[in-house]
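[1] The sequence and its predicted three-dimensional model are supplied below.
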Amino acid sequence: MQEIAKRAEMREKLSPQLVLSGAIAHYLLSGLDELKDQEFDKEGKVYTGALKFLEQFKMVNGGVIPSPQELIHFKKLTHELANLQLYAIVAGWDKKRFLREFGGQYEAPLLHSASFALLISGYEKSLLENFAKIVRGEISYGFGGNVYRNPVINHLASDALMSPASNSIVRDLRDKFPDRQILLELGSGSGNFSKKFLLAYPDVRALVTDINPAVFETAGENLQNAGIEEERYEISVLDMKDEKGLEEIAKRVGDGRLIVHIGYILHEERHLAIDTLRALSNVFRGKDVVFAFSEYYEQDDITDSVPLHFQGLHYMTQDLFKRDEFIMTVSGGEFGFIPHVDGNSDPIESVHNSYINGEGQKVITNSTTYWKLK
Ligand SMILES: C[S@@+](CC[C@H](N)C(=O)[O-])C[C@H]1O[C@@H](n2cnc3c(N)ncnc32)[C@H](O)[C@@H]1O
């Protein structure tokens, strides 16, 4: 009884950043312990990313790393939150219902972070539990490697996190480019973006693609469950940087007015971004295409808008761009911003997340930019 009271009291005081980052830190510190006195590549991304994460974890926590017991407690709490989020998704609850149902047991900030907890749980059995083995080079992490984040959990968590952004992109596209006839989604994951797009534009068709063959099940079920007629979409496996594969897709598009959406993937590997942009410009030059690229950008400070448990997880597995760097990479190829109709020279951009830095400037951490081929 006393134990439960103590835990309830602890929960009240815990910030989501401490709990969720604490869960990740638990695995990384155990892994580092296992690596003590061993030879391994100290330049590897997983290792350097983990050190960077732990350094920032200590910093945001006032210069101290919580005790191993506390970290285990945070890991358990993260599991609880992940399970609640999963339960809510399966039950079809909206955010309000979720907060109402569990608000008596957990503080609201923790519940608001439950989709991040679910995201972390998708990395547990792959990256986090195997951290030392990956660092020693015994197994590889990544799509096509020995271990990879759990795609089903990842899609569910991403959908929960990305849904407001996807709604605003779809709204933006409808307002600014109402003449589009076909959507090509590259790296669709669960197909949630395509689903929202097809529901919003009853006259549009979609080509839904991902490198992972699981797309047939994940996106297939998602679109079917939304009641979208099968004639309105095609699902296929496609590596977005594969020019030949893109050419096949372009044939299916013909002269249709196309929108290409790539969401939250170009930052995973820099050469993926560069090769994909090149392939897209080779294949679609001269065609009527609007490109929408949605990305998370690396920020200088850890803030509530992109917290450490999110950015820090990326340090180990991804190649986050700074926003300006991303814009330069895209425009360094054959792409140019689509001008505003009112002559405003800023890029057309849906901003999904931003913060004000120490110098009072707005830093965009997550947005969609709209492009055409020059
Ligand atoms: C973070 S998920 C993005 C989900 C979706 N775009 C959204 O906005 O909700 C990234 C997806 O990209 C896929 N992916 C990774 N590399 C790819 C590649 N080279 N070509 C196509 N898809 C890829 C992954 O399988 C995963 O489903």
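    Yep, it's here.
[2] Please count neighbours and contacts with C-alpha atoms only from this point.
    Noted.
[3] so where's this structure uncertain?
    1-12 (pLDDT under 70).
[4] so who does the most centrally placed residue in it touch?
    Centroid-nearest residue in the chain, with CA atoms, centre = their mean: residue 264, separated by 5.1 Å. Neighbouring residues of residue 264 by CA atoms under 8 Å, 6 or more residues apart in numbering: 294-296.
[5] and it, how far is that from residue 367?
    Using CA to CA, to the nearest Å, residue 264 is found at 10 Å from residue 367.
[6] joint contacts of these two?
    294-296.
[7] For the protein, just list every one of the strands.
    182-186, 205-210, 233-237, 258-263, 289-296, 335-337, 349-356, 362-373 (DSSP state E).
[8] Can you add mean neighbour count and give the ones you listed back as TSV?
    As requested, the strands of the chain are exported to TSV (neighbours: other CA atoms under 10 Å):
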stretch	mean neighbour count
strand 182-186	24
strand 205-210	24
strand 233-237	18
strand 258-263	22
strand 289-296	22
strand 335-337	19
strand 349-356	17
strand 362-373	20
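[9] mind checking which of those strands is nearest residue 100?
    strand 349-356 (25.6 Å; CA to CA).
[10] chain center to that closest one: distance?
    How far strand 349-356 lies from its chain's middle: 15 Å, per CA atoms, centre = their mean, to the nearest Å.
[11] List the contacts of that strand.
    By CA under 8 Å, 6+ apart, strand 349-356 touches 165, 168-169, 172, 303, 305-306, 362-370.
[12] Of the shared contacts of residue 264 and residue 367, which is the nearest to residue 26?
    residue 296 (25.3 Å).
[13] my guess is that closest one meets residue 320, correct?
    Yes: using CA atoms under 8 Å, residue 296 is in contact with residue 320, at 7.2 Å.
[14] which neighbours do those two share?
    With CA under 8 Å, 6+ apart, residue 296 and residue 320 have common neighbours residue 267.
[15] Okay, and the beta partners of the residue of the stretch 251-374 of the chain found nearest the ligand?
    Across the stretch 251-374 of the chain, the shortest distance to the ligand (CA to the nearest ligand atom) belongs to residue 263, at 3.8 Å. On the basis of DSSP bridges, residue 263 is bridged to residue 294.
[16] Check which residues of stretch 119-134 are buried.
    Across stretch 119-134, burial judged by 16 or more other CA atoms under 10 Å covers 119-124, 126-134.
[17] now, the most widely separated pair of those?
    119 and 133 (21.6 Å).
[18] tell me the angle of the longest helix anywhere in the chain relative to strand 258-263?
    Using DSSP state H to assign secondary structure, the helix with the most residues in the chain is helix 151-176. Per axes from the mean of the first three to the mean of the last three CA atoms, to 10 degrees, the angle that helix 151-176 makes with strand 258-263 is 140 degrees.
[19] list the buried ones in helix 151-176?
    In helix 151-176, the ones that count as buried by 16+ other CA under 10 Å are 151, 153-162, 165-166, 169-173.
[20] same question, stretch 131-145
    131-136, 140-141.
[21] Contacts made by that stretch with the rest, please.
    So stretch 131-145 is contacted by 27-28, 31-32, 34-35, 39-41, 44, 46-47, 126-127, 146-149, 317 (CA under 8 Å, 6+ apart).
[22] Which PyMOL command selects the buried ones in those?
    Selecting the buried subset of the contacts of stretch 131-145 in PyMOL, with 16+ other CA under 10 Å as the burial test, is done by:
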select buried, resi 27+28+31+32+35+46+47+126+127+147+148+149+317
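[23] Among the contacts of stretch 131-145, name the ones in helices.
    Residues from the contacts of stretch 131-145 lying in helices, with DSSP H as the criterion: 27-28, 31-32, 34-35, 46-47, 317.
[24] Just name the closest of these to the ligand, please.
    residue 317 (12.0 Å).
[25] List the buried residues in stretch 177-193.
    So stretch 177-193, judged by 16+ other CA under 10 Å, has buried residues 180-193.
[26] Pipe those into a markdown table and attach distance to the ligand per row.
    Compiled in a markdown table, these are given as follows (distance: CA to the nearest ligand atom, whole Å):
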| residue | distance to the ligand |
| --- | --- |
| 180 | 19 |
| 181 | 20 |
| 182 | 17 |
| 183 | 13 |
| 184 | 11 |
| 185 | 7 |
| 186 | 6 |
| 187 | 3 |
| 188 | 4 |
| 189 | 3 |
| 190 | 7 |
| 191 | 7 |
| 192 | 6 |
| 193 | 6 |
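[27] Same list, the residues you listed, but as JSON lines with distance to residue 16 please.
    Shown next, in JSON lines, are the buried residues of stretch 177-193 (distance: CA to CA, whole Å):
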{"residue": "180", "distance to residue 16": "41"}
{"residue": "181", "distance to residue 16": "42"}
{"residue": "182", "distance to residue 16": "40"}
{"residue": "183", "distance to residue 16": "37"}
{"residue": "184", "distance to residue 16": "36"}
{"residue": "185", "distance to residue 16": "33"}
{"residue": "186", "distance to residue 16": "32"}
{"residue": "187", "distance to residue 16": "29"}
{"residue": "188", "distance to residue 16": "29"}
{"residue": "189", "distance to residue 16": "26"}
{"residue": "190", "distance to residue 16": "26"}
{"residue": "191", "distance to residue 16": "28"}
{"residue": "192", "distance to residue 16": "26"}
{"residue": "193", "distance to residue 16": "27"}
